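>>> Please work out how this folds:
(one chain, ligands or ions: 1)
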Amino acid sequence: MLSVALRHAFAGFTLDAAFQAPAGLTALFGRSGSGKTTIVNAVAGLLRPQSGRVTVQDIVLTDSDRGIFLPPHRRGIGYVFQDARLFPHLTVRQNLLYGHWFTARGRPSDLPRVVEMLGIGPLLTRRPAALSGGERQRVAIGRALLSHPRLLLMDEPLAALDQPRKDEILPYLERLRDQAGLPILYVSHSTAEVARLATTVVLLDRGRVTAAGPVAALLSDPAVAPLLGLAEAGAVLTARVEAHECDGLTRLAAPAGPLFLPRIAAPIGALLRLRILAQDVMIATVPPQGISALNVIPARVRDLSPAGDSVLVRLEAGDQVILSRITARSAAALDLRPGLPVHAVLKAVSVAPGTIGVSGG
Ligand SMILES: Nc1ncnc2c1ncn2[C@@H]1O[C@H](COP(=O)(O)OP(=O)(O)OP(=O)(O)O)[C@@H](O)[C@H]1O
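Sure thing, here's the model as predicted:
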């Protein structure tokens, strides 16, 4: 567990933020200039905050009251930047083992496990110039892990990659989240990335934490939607692959009931995480008939929140929340109110394959 409480003022900007990052991946999310990098720098020991306390697994890294401020190299933190920053004259293997020279905790015997997790075995004898951007980032992550950090800091590690490279690396970040066994603090601008990867989200606005919590609850909170942008508002559902059907659809079992989506390349039994955008969910008060949408999910209205010209309707389905964005006119015409039983309607093709990830459990 990482615990952070920081106060630091620059001319024209004050950071005053406190949060906890439990096991898994904690996304620091917010607009440009909201203070994400300032927090990462303070946690890494690159910025000495005017006041604050930072601990990881009960080890005090910073405590202004007690005059404690460990230098960066004594913090046991792995840092992955936007650009991989590998040594060009060293092979991948030498780059991987480099971090291990600087730490008593590193053991070369961990190399095979890290190489396997990141899928970089075939690259070990190459130099960085012969790697794609995504491969370079995987090596940079491996190098950080082999220094045996207590905590991994990742500052927009995908920002410099094009979409195909991002798609290639996302499954490895999921494995890192689920298998590395250390807290990861991950800075991102992208709601899609956060929805797919985060265990916990810390939302920042002008140097302050405006919301924090488990990813599914936070991203489907109507109060948070204006901060994300209404087009990005939506729910994160967990569902298990039940069958690949012969007409090209995959059937999933979700607490809300069965879901049908275009073929997903995941084995039967795999637990997946799906992002369902609020703007893709329609509401019907009676079971719709003669409709092409394959997913009609029985649900109950929890609450309605005005959002610009539209209304965000939070629906409960099983123990999961689905968010729907409809016009105020439709909400009035359907006489939607808390407690009303309804049907959430979702087109199978509206869930983009790139947004489907592996669930951390
Ligand atoms: N060394 C500094 N001196 C003065 N102001 C600074 C310094 N470092 C950061 N700031 C200011 O602090 C604010 C927060 O910056 P920070 O880089 O933490 O934001 P961010 O959320 O990481 O932004 P981005 O997403 O664009 O990277 C900005 O207004 C920035 O100009």
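
>>> Next to the ligand in this structure, residues from the chain, please.
10, 13, 30, 32-38, 189 (Cβ under 6 Å from any ligand atom). From N, CA and C alone the C-beta is placed, and that goes for glycine too.

>>> Now go through the residues you listed and say which are in strands.
If you go by DSSP state E, those have 10, 13, 30 in strands.

>>> Please list only the buried members of those residues.
Buried by 16 or more other Cβ atoms under 10 Å: G30, out of these.

>>> wait, isn't V311 in contact with A328?
Yes. Here V311 reaches A328: they are 5.3 Å apart, a contact under Cβ atoms under 8 Å.

>>> Which one's more surrounded, the two?
V311 (20 against 14; other Cβ atoms under 10 Å).

>>> Please name the bridge partners of the more buried one.
Assessed by DSSP bridges, V311 has beta-bridge partners P306, I326.

>>> What is the helix or strand containing P112 packed up against?
Assigned by DSSP states H and E, P112 falls within helix 111-118. Counting contacts by 3 or more Cβ pairs under 8 Å, 6 or more residues apart in numbering; DSSP states H and E, helix 111-118 is packed against helix 92-98, helix 133-146, helix 163-179.

>>> Just say which of those is most tucked in.
Of all the helices and strands packed on helix 111-118, helix 133-146 has the most neighbours on average by mean count of other Cβ atoms under 10 Å, namely a mean of 24.

>>> Extract the C-alpha trace of that helix and format it as CSV.
Written as CSV, here are the backbone C-alpha positions of helix 133-146 (Å, rounded to 0.1, in the frame of the first residue of the first chain):
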residue,chain,number,x,y,z
GLY,A,133,8.3,1.5,-29.5
GLY,A,134,6.0,-1.0,-27.7
GLU,A,135,8.9,-3.5,-27.4
ARG,A,136,11.1,-0.8,-26.0
GLN,A,137,8.5,0.1,-23.4
ARG,A,138,8.2,-3.6,-22.4
VAL,A,139,12.0,-3.8,-21.9
ALA,A,140,11.9,-0.5,-19.8
ILE,A,141,9.2,-2.1,-17.6
GLY,A,142,11.3,-5.2,-17.2
ARG,A,143,14.4,-3.2,-16.3
ALA,A,144,12.4,-1.3,-13.6
LEU,A,145,11.0,-4.6,-12.2
LEU,A,146,14.4,-6.2,-12.0
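
>>> what distance separates it from the middle of the whole chain?
Offset of helix 133-146 from its chain centre (Cα atoms, centre = their mean, to the nearest Å): 18 Å.

>>> Okay, angle between that helix and helix 163-179 too, please.
20 degrees (axes from the mean of the first three to the mean of the last three Cα atoms, to 10 degrees).

>>> list the helices and strands helix 133-146 packs on?
strand 77-80, helix 92-98, helix 111-118, strand 151-155, helix 163-179.

>>> at 6 Å instead, please
strand 77-80, helix 92-98, helix 111-118, helix 163-179 (3 or more Cβ pairs under 6 Å, 6 or more residues apart in numbering; DSSP states H and E).

>>> Columns mean pLDDT on top of the ones you listed, output as a markdown table?
Shown next, in a markdown table, are the helices and strands packed on helix 133-146 (pLDDT from 0 to 100):
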| stretch | mean pLDDT |
| --- | --- |
| strand 77-80 | 91 |
| helix 92-98 | 90 |
| helix 111-118 | 87 |
| helix 163-179 | 86 |
